[in-house]
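S.K.: Test case, fold it:
(one chain, ligands or ions: 1)
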Amino acid sequence: MKRGEKAVLALIGVVLVVGVIRSMLHVEGKHDRDIPFYTTATGDVAIKGMDIYNHNGCKECHSLWTMKDILESVPAPMLDGIGSLRSETWLYDYLSSPNPQAVLPSRLKREYRMPSYLSIPEGDRHILAQYLASLKVKDWYLDQTKKSEYEKLTGKVYPQ
Ligand code: HEC
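M.R.: Predicted coordinates for the structure are as follows:
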């Protein structure tokens with residue numbers, strides 16, 4: 001191969017690599033904007049909260065951070081962003097209620113309903129409530145969801 005050809009090949013190589021890196025960065029940037037869920041929890045609360053969540057069967061029914069037990073098909077609400085809808089106190093009381101359906105009525109079969117977590121240690125319920133309250137959703141997504149739900153349910157254009 002002539003030196004000139006080598007140089008051209010090297011140049012093509014560099015252009016390709018730069019292109020790939022740029023497209024990766026681009027995808028990543030877009031991805032970040034597309035995920036409307038985040039947590040404000042740090043350190044201990046984030047780690048312990050997720051630990052308690054994982055050890056109490058929550059993921060058998062709920063999805064959080066896109067994780068859900070795929071073998072179960074319980075139509076439970078998704079918990080991403082729940083802290084934008086419920087306060088820490090509400091969440092603590094709900095987990096501690098001997099009958100969660102007295103707080104939030106259910107139309108599901110008994111075996112699908114939210115169980116009482118009054119039997120787990122009080123400290124665990126506190127951390128879990130604190131962690132759940134830290135799960136937020138960005139405003140634009142909430143607005144968009146409200147808008148599309150409204151339009152789906154009423155067939156009318158959402159009033160601005
Ligand atoms: C057997 C299935 C099941 C399990 C296990 C379960 N849940 Fe639930 N959960 C539900 C259902 C279903 C609802 C909706 C209310 C109802 O139908 O009882 C619910 C409701 C909730 C809500 C209220 C959501 C809202 O819209 O306000 C929170 C918070 C919640 N669950 C958290 C948890 C946590 C945390 C755990 C684990 C410690 C857990 N759940 C375990 C089924 C479950």
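
S.K.: wait, Leu128 sits on Ile52?
M.R.: Yes. Taking C-beta atoms under 8 Å as the definition, Leu128 is a contact partner of Ile52 at 5.0 Å. To be clear about C-beta, it is placed using only N, CA and C from the backbone, and glycine gets the same treatment.

S.K.: Looking at these two, which one has more neighbours?
M.R.: Leu128 (25 against 20; other C-beta atoms under 10 Å).

S.K.: what about the more buried one, helix or strand, and which?
M.R.: For Leu128, the enclosing helix or strand under DSSP states H and E is helix 122-133.

S.K.: gap between whatever helix or strand comes next after that helix and the chain center?
M.R.: Past helix 122-133, further along toward the C-terminus, the next helix or strand under DSSP H and E is strand 135-137. Strand 135-137 sits 7 Å away from the centroid of its parent chain (C-alpha atoms, centre = their mean, to the nearest Å).

S.K.: Could you tell me which residues within the following helix or strand past strand 135-137 count as buried?
M.R.: Downstream of strand 135-137, the next assigned helix or strand under DSSP H and E is helix 139-154. Buried residues in helix 139-154, counted by 16 or more other C-beta atoms under 10 Å: Tyr141.

S.K.: And the ligand, is helix 139-154 touching that?
M.R.: No. If you take C-beta under 6 Å from any ligand atom as the test, helix 139-154 misses the ligand, and the best it gets is 13.3 Å.

S.K.: what ranges do the strands span in this structure?
M.R.: Using DSSP state E, the strands of the chain run over residues 37-39, 135-137.

S.K.: Report the separation between the residue nearest the centre of the chain and Ile35.
M.R.: Geometric centre of the chain, nearest residue: Asp80, 3.0 Å, by C-alpha atoms, centre = their mean. For Asp80, the distance to Ile35 (C-beta to C-beta, to the nearest Å) stands at 9 Å.

S.K.: Quick one: name the residues of this protein near the ligand.
M.R.: So far as C-beta under 6 Å from any ligand atom goes, the chain lies against the ligand at 53, 56-58, 60-62, 74, 76-77, 79, 82, 86, 91, 94, 100-101, 104, 106, 108, 112-115, 117, 128, 132.

S.K.: Narrow those residues to those that are buried.
M.R.: By 16+ other C-beta under 10 Å, the residues of the chain next to the ligand give 53, 58, 61-62, 76, 79, 82, 86, 91, 94, 100, 113-114, 117, 128, 132 as buried.

S.K.: contacting residues around Trp65?
M.R.: Each residue near Trp65 by C-beta atoms under 8 Å, 6 or more residues apart in numbering is listed here: Phe37, Asp80.

S.K.: Brilliant, that's me finished.
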